[in-house]
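# attaching a predicted model along with its sequence, questions to come.
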Amino acid sequence: AQSVTQLGSHVSVSEGALVLLRCNYSSSVPPYLFWYVQYPNQGLQLLLKYTSAATLVKGINGFEAEFKKSETSFHLTKPSAHMSDAAEYFCAVRGSNFGNEKLTFGTGTRLTIIP
Amino acid sequence: NAGVTQTPKFRVLKTGQSMTLLCAQDMNHEYMYWYRQDPGMGLRLIHYSVGEGTTAKGEVPDGYNVSRLKKQNFLLGLESAAPSQTSVYFCASSYTRSTDTQYFGPGTRLTVL
């Protein structure tokens, strides 16, 4: 079984400031980890994913995340926030074992950008 | 390509009514999924399918049924709607499992009175 915990349901940062969205996972097998973004009234869109290759993963729109096994974390960062980054962000986990098709989502973090 | 499409976009039902939500994808994906999204709870998997003619239960399957008669379509049915089924429903698809990206539809907002 696997699960993810997103710390902070709401995060506010100033335009140009660092964005840090936290995600911790629990998995009984080596995990595959994902970050998705949801803009208002839209479906989810993949930002980036970790699939056991490089631990530092770069995604779209300047976002990146680092897989840290010792800390069971997969935090999402962006050096400089832009107004267009305002959205809800979801961390998700899936087990890497055969037959595991289920993606388990966290409860989401709503990111607000302050002008 | 249209990607993943969902029909309808909005629907209001009375308690006890039935309806079917349609999901269609034109990417030749094997896997399809139905999720519901509720405030503060993220997305929860209702049912999924790993291929034409196959379906499986997810995390919250009670009160829903699904069918995958054609590879490109995945139907979600509510036989007797309840207010607890008021939610936003998302369909997704992926080529295979595990490392593959899931592509999401725009969602269906359902209200049950």
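Sure, I can see it. Fair warning: this is a prediction, and the values are worked out from it, not measured in the lab.

# counting neighbours, what do you get for A:Lys68?
Using other Cβ atoms under 10 Å in any protein chain shown, A:Lys68 has 12 neighbouring residues. Every residue, glycine included, has its C-beta placed from N, CA and C.

# quick check: bridge partners of it?
A:Ser73 (DSSP bridges).

# what's the distance between it and chain B?
Relative to chain B, A:Lys68 is positioned 19 Å away (Cβ to the nearest Cβ, to the nearest Å).

# tell me if I'm right that that residue and A:Leu56 touch.
No. Counting by Cβ atoms under 8 Å, A:Lys68 does not reach A:Leu56; the two are 10.0 Å apart.

# quick one, phi psi at B:Asn28?
Torsion angles at B:Asn28 (phi, psi; degrees, to the nearest 10) stand at phi 60, psi 30.

# same check on A:Thr72?
Phi and psi for A:Thr72, reported as degrees, to the nearest 10, are phi 40, psi 50.

# for chain A, what is the nearest residue in chain B?
Closest approach between chain B and chain A, counting by Cβ to the nearest Cβ: B:Phe104, at 3.5 Å.

# so what's the residue of chain A found nearest chain B scoring on pLDDT?
The nearest approach of chain A to chain B comes at A:Gly43, 3.5 Å away (Cβ to the nearest Cβ). Per-residue confidence (pLDDT) for A:Gly43: 89.

# what's the answer for A:Pro40, then?
For A:Pro40, the model assigns a pLDDT of 88.

# what's the local residue count around the residue nearest to it when sequence neighbours are not counted?
Of all residues not flanking A:Pro40 in the chain, A:Ala87 sits nearest, at 7.5 Å (Cβ to Cβ, 6 or more residues apart in numbering or on different chains). The number of residues packed near A:Ala87 is 21, by other Cβ under 10 Å.

# so which elements touch the host helix or strand of A:Val57?
Using DSSP states H and E, A:Val57 sits in strand A:56-58. Applying 3 or more Cβ pairs under 8 Å, 6 or more residues apart in numbering or on different chains; DSSP states H and E, one finds that strand A:56-58 makes contact with strand A:44-50, strand A:64-68.
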